[in-house]
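Peer 1: Pasting the sequence and the predicted model now:
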Amino acid sequence: MLVLGIETSCDETAAALVRDGREILSSVISSQVPIHKRFGGVVPELASREHLDKIVPVVNEAFERAGVTTRDVDGIAVTVGPGLVGSLLVGVSYAKAMAYALKKPFVGVNHIEGHIYSVAFENPPIEYPAEALIVSGGHTNIFFIPEPGKYKVLSRTRDDAAGEAFDKVAKLLGLGYPGGPIIERLAREGNPHAVPFSLPRMGDGLPDFSFSGLKTAVTKYVRESGVTPVENGGEPSQAIKDLAASFQHTVVQSLVKTMARVAEENYPKTLIIAGGVACNGKLREVAKETAGRLGLPVYFPSPHLSTDNAAMIAAAGTVKLEAGQHDALDLNADVTLRLQNMDLAEEAAKRAGVRYRL
Ligand code: KG4
Ligand code: ZN
């Protein structure tokens with residue numbers, strides 16, 4: 001089955017052609033980072049205008065690179081939410097128009113489910129039940145997946161997403177946007193134990209995340225210790241590198257410790273870590289060590305599949321299209337779409353004899 005994937009939920013216009021949910025024939029990504037950079041974050045109005053400009057050339061390029069035509073496509077998968085409404089609408093409208101014109105089935109895909117399927121290309125098939133940590137600029141969640149397509153959220157962030165914390169801390173240190181890759185680079189030359197930030201703890205004992213307290217602790221440290229933020233692209237001081245390394249260390253510890261705790265309580269057979277923050281080398285290193293200790297395989301997408309792309313949307317959509325699931329032409333973008341079908345997940349977990357926290 002050949003599926004065209006389309007992704008426009010945030011600041012990347014992307015299209016991909018994927019065969020049988022596992023083989024990428026082409027994956028084209030037009031990033032808007034240069035446009036949003038000077039604002040230190042994504043400007044929704046600029047994002048939707050840029051998607052409108054880029055959607056046609058990006059889809060055309062995906063077909064050219066794959067060496068196939070629209071006639072060869074068996075179905076279309078498009079991100080339907082969550083995301084920015086103006087951005088989502090560009091992809092959804094384009095996919096609907098194309099499906100109508102070509103008389104092909106199309107299906108809306110949850111962006112987060114797409115991130116989960118980003119590990120489908122370079123790893124062995126996922127063994128279920130699986131546990132997936134999705135860490136991006138907009139999301140930080142752990143899902144329990146008793147079988148394909150069944151999801152239960154076991155952990156969520158109470159405030160900022162992990163990627164958002166990287167971006168905000170980079171901004172307050174004067175480092176630029178997006179913050180994740182810049183902080184990772186500087187952290188390589190810094191001491192992760194220079195500033196002993198404490199790990200966030202939930203008052204109610206749930207395995208949830210919280211990153212805004214850490215951001216406040218970094219702000220307070222900068223103020224009290226007299227560290228000077230970088231100005232006008234200047235050379236970062238050793239104190240900034242140490243701060244970047246200590247911040248990154250704390251985020252990685254929080255993510256991996258929580259992932260391990262949820263695994264110990266719920267007995268998954270596979271761990272998945274995906275989303276933009278999964279590019280982080282330190283996170284990969286520490287997660288692999290921890291997974292090894294737990295005796296579990298951990299799957300990551302390679303970096304170009306970790307950040308937003310359309311191949312992952314095509315892979316997630318293929319499972320639905322193969323099961324005969326289609327959407328009608330009245331499908332609308334859903335800005336706050338959730339990925340959780342708790343009843344189905346619970347029923348499936350019981351069938352599989354799997355225990356998990358309610
Ligand atoms: O998945 P993604 O492309 O978009 C969203 O759906 O949010 O994730 C983007 C986020 C940004 O916050 C960026 O700072 C973060 O991923 N990121 C990283 C790294 N590369 C990207 N965070 C930490 N380390 C990295 N190497
Ligand atoms: Zn994403």
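Peer 2: Structure's in. What do you need? Ligands and ions are numbered 1, 2, ... in the order given.

Peer 1: in the stretch 1-150 of the chain, which ranges drop under the pLDDT threshold?
Peer 2: The stretch 1-150 of the chain contains no residues with pLDDT under 70.

Peer 1: now the one residue in the stretch 101-250 of the chain that gets nearest to ligand 2, nearest residue through space, not along the chain?
Peer 2: As assessed by Cβ to the ion, ligand 2 sits closest to Ser136 within the stretch 101-250 of the chain, at 4.3 Å. C-betas here are computed from N, CA, C, even on glycine. For Ser136, ignoring the flanking residues on the chain, the nearest one in space by Cβ to Cβ, 6 or more residues apart in numbering is Gly275 at 3.5 Å.

Peer 1: tell me the contacts of the residue of the stretch 101-250 of the chain closest to ligand 2?
Peer 2: Contact analysis of Ser136 by Cβ atoms under 8 Å, 6 or more residues apart in numbering lists His115, Ala161, Ala162, Gly163, Gly275, Gly276, Val277, Asp308.

Peer 1: And the second one, how far from ligand 1?
Peer 2: With distances defined as Cβ to the nearest ligand atom, to the nearest Å, the gap from Ala161 to ligand 1 amounts to 7 Å.

Peer 1: Val298 contacts Glu289, correct?
Peer 2: No: between Val298 and Glu289 there is no contact under Cβ atoms under 8 Å: 9.8 Å.

Peer 1: what does the stretch 51-200 of the chain put close to ligand 2?
Peer 2: Ser136 (Cβ under 5 Å from the ion).

Peer 1: rerun that using 6 Å as the cut-off
Peer 2: His111, His115, Ser136 (Cβ under 6 Å from the ion).

Peer 1: Neighbour count for Val298 and Glu289, which is higher?
Peer 2: Val298 (23 against 12; other Cβ atoms under 10 Å).

Peer 1: which residues pair with that one across the strands?
Peer 2: Legend: beta-bridge partners of Val298 under DSSP bridges are Leu271.

Peer 1: Please enumerate the helices of the stretch 51-200 of the chain.
Peer 2: For the stretch 51-200 of the chain, helices defined by DSSP state H, counting those that start in this stretch occupy the ranges 85-102, 111-117, 162-172, 179-187.

Peer 1: And the strands in the protein, which stretches?
Peer 2: Taking DSSP state E as the test, the strands found in the chain are 2-7, 12-19, 23-31, 75-81, 106-110, 130-135, 140-145, 152-156, 270-274, 298-299.

Peer 1: Is it possible to get a markdown table of these that adds distance to Lys54?
Peer 2: Formatted as a markdown table, the strands of the chain follow (distance: least, Cβ to Cβ, whole Å):
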| stretch | distance to Lys54 |
| --- | --- |
| strand 2-7 | 11 |
| strand 12-19 | 4 |
| strand 23-31 | 5 |
| strand 75-81 | 15 |
| strand 106-110 | 20 |
| strand 130-135 | 25 |
| strand 140-145 | 28 |
| strand 152-156 | 32 |
| strand 270-274 | 24 |
| strand 298-299 | 30 |
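
Peer 1: can you tell me which of those strands comes nearest to Gly67?
Peer 2: strand 23-31 (7.4 Å; Cβ to Cβ).

Peer 1: where does the stretch 251-358 of the chain have low pLDDT?
Peer 2: Ranges of the stretch 251-358 of the chain meeting pLDDT under 70: 342-345, 351-358.

Peer 1: Next up, the contacts around the residue in the stretch 201-350 of the chain positioned nearest to ligand 1.
Peer 2: Taking Cβ to the nearest ligand atom, ligand 1 has its nearest neighbour within the stretch 201-350 of the chain at Gly276, 2.0 Å off. Residues near Gly276 by Cβ under 8 Å, 6+ apart: Val135, Ser136, Gly137, Gly163, Pro178, Gly180, Ser306, Thr307, Asp308.

Peer 1: and the stretch 251-358 of the chain, which residues reach ligand 2?
Peer 2: So far as Cβ under 6 Å from the ion goes, the stretch 251-358 of the chain lies against ligand 2 at Gly275, Asp308.
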